[in-house]
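Asks: Here is the input, now give the coordinates:
(one chain, ligands or ions: 2)
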Amino acid sequence: MKKFIFIASVCFTFIFFVSSNFAFASASGPGLFKKYYCIDCHTLGHEGGTVGPDLSNVGRTKSLSWIKAQILNPATHFILGKKTDIDGKVYFARMPGFKKTIPPSAVDKLAEYIKSFPYQRANLAYPKPPAGLAFFREDNCIACHRIDGVGGKVGPDLSHIGKTKSLSWIETQIVDPKVHFTYGVPTTINGKTYLVIMPEFKHISASQLNTIARYLKSLK
Ligand code: HEC
Ligand code: HEC
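Replies: Residues are numbered from 1 along each chain as shown. Ligands and ions are numbered 1, 2, ... in the order given. Okay, here's the model as predicted:
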């Protein structure tokens, strides 16, 4: 019982302090992967960014201690500013070290999660993301926009965009944002101010445009 109260109060304090990140307040592997922004740069399974390598299979080739060292101090493995080839893709080493920001117990949990991932995944049916979300990542919308806590903050959060905007409004915004916003001028959306810089995605195919827009329209 004591233990429960302790855990409950820790959880409560934690949730209280990170209420803005409420959805990721769990201290499990997947929760930590989001909480410490690993997911902004790395894909694991079907979800995540592409700044760094996909980590879905890292557990097959790398030891637990190698993964821990990578989280604490990437400089032990990669030289800053030097090109690194990982699985045929080139990265300029730029992973930040998390020695000062992630407590040791969380580093252990994260490393164990990454290490176990390929083996767990073999036994789990991972849902495929909707096609629109896949394009949203490929076309790099995700670099500037967040959906459900994943992505950049240069542009507005799109988690509920379908509530207020029509399908055709969204399509227009993607191919020709200047119809809605004046380039280079600050604009306020949902109480936050953004500099209008969204690029025109003129060369996107009609079917891809429609797939992304329908996906965004479905976000209520
Ligand atoms: C700002 C982007 C960024 C963030 C945030 C980030 N990483 Fe990385 N990560 C990279 C890049 C780029 C590389 C490639 C090598 C390097 O730069 O160190 C990498 C490499 C790795 C590797 C080695 C992959 C391989 O195939 O060799 C692991 C494991 C890893 N990161 C785990 C994590 C974890 C866990 C977190 C969160 C605590 C995290 N990373 C946060 C960008 C990032
Ligand atoms: C370089 C950053 C950047 C990229 C890349 C980007 N956007 Fe944007 N987006 C913005 C900014 C900033 C705004 C605010 C208005 C503007 O700049 O036109 C915006 C506005 C929007 C809006 C309107 C939001 C609202 O609440 O009114 C939608 C929808 C949108 N973007 C979708 C997309 C999609 C889909 C993609 C990928 C095909 C994309 N954006 C790529 C920065 C970006």
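Asks: got a list of what the residue lying closest to residue 58 once chain neighbours are set aside touches?
Replies: Take residue 58 and drop its neighbours on the chain: the residue closest to it by Cβ to Cβ, 6 or more residues apart in numbering is residue 114, 5.7 Å away. To be clear about C-beta, it is placed using only N, CA and C from the backbone, and glycine gets the same treatment. By Cβ atoms under 8 Å, 6 or more residues apart in numbering, the contact set of residue 114 is 29, 44, 55, 58-59, 67.
Asks: Would you mark the buried spots in stretch 97-116?
Replies: 98, 102, 106-107, 109-111, 113-115 (16 or more other Cβ atoms under 10 Å).
Asks: Kindly apply the preceding question to stretch 196-211 instead.
Replies: Across stretch 196-211, burial judged by 16+ other Cβ under 10 Å covers 196, 198, 201, 204, 208-209, 211.
Asks: If you drop the residues flanking it in sequence, what lies closest to residue 96?
Replies: Distance criterion Cβ to Cβ, 6+ apart; nearest residue to residue 96, sequence neighbours excluded, is residue 74 at 7.6 Å.
Asks: and the one you found, how many neighbours does it have?
Replies: 19 (other Cβ atoms under 10 Å).
Asks: Let me know the pLDDT of it.
Replies: pLDDT recorded at residue 74 is 93.
Asks: got it, and the one 4 residues further on?
Replies: The predicted structure scores residue 78 at 89 on the pLDDT scale.
Asks: contacting residues around residue 150?
Replies: Neighbour list for residue 150: 34, 39-40, 47-49, 142 [criterion: Cβ under 8 Å, 6+ apart].
Asks: And residue 162, by the same measure?
Replies: 216-220.
Asks: so the residue nearest to residue 58 is in which element?
Replies: helix 104-122 (DSSP states H and E).
Asks: What residues sit buried inside the helix or strand following that helix?
Replies: As assigned by DSSP H and E, the chain's next helix or strand after helix 104-122 is helix 131-138. Within helix 131-138, the residues scored as buried using 16+ other Cβ under 10 Å are 132-133, 135-137.
Asks: can you list these in JSON lines and add distance to ligand 1 and pLDDT?
Replies: Shown next, in JSON lines, are the buried residues of helix 131-138 (distance: Cβ to the nearest ligand atom, whole Å; pLDDT from 0 to 100):
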{"residue": "132", "distance to ligand 1": "24", "pLDDT": "90"}
{"residue": "133", "distance to ligand 1": "20", "pLDDT": "88"}
{"residue": "135", "distance to ligand 1": "22", "pLDDT": "87"}
{"residue": "136", "distance to ligand 1": "19", "pLDDT": "89"}
{"residue": "137", "distance to ligand 1": "15", "pLDDT": "82"}
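Asks: Which single one of those is nearest to residue 81?
Replies: residue 137 (26.2 Å; Cβ to Cβ).
Asks: residue contacts, residue 208?
Replies: If you count contacts by Cβ under 8 Å, 6+ apart, residue 208 has them with 135, 139.
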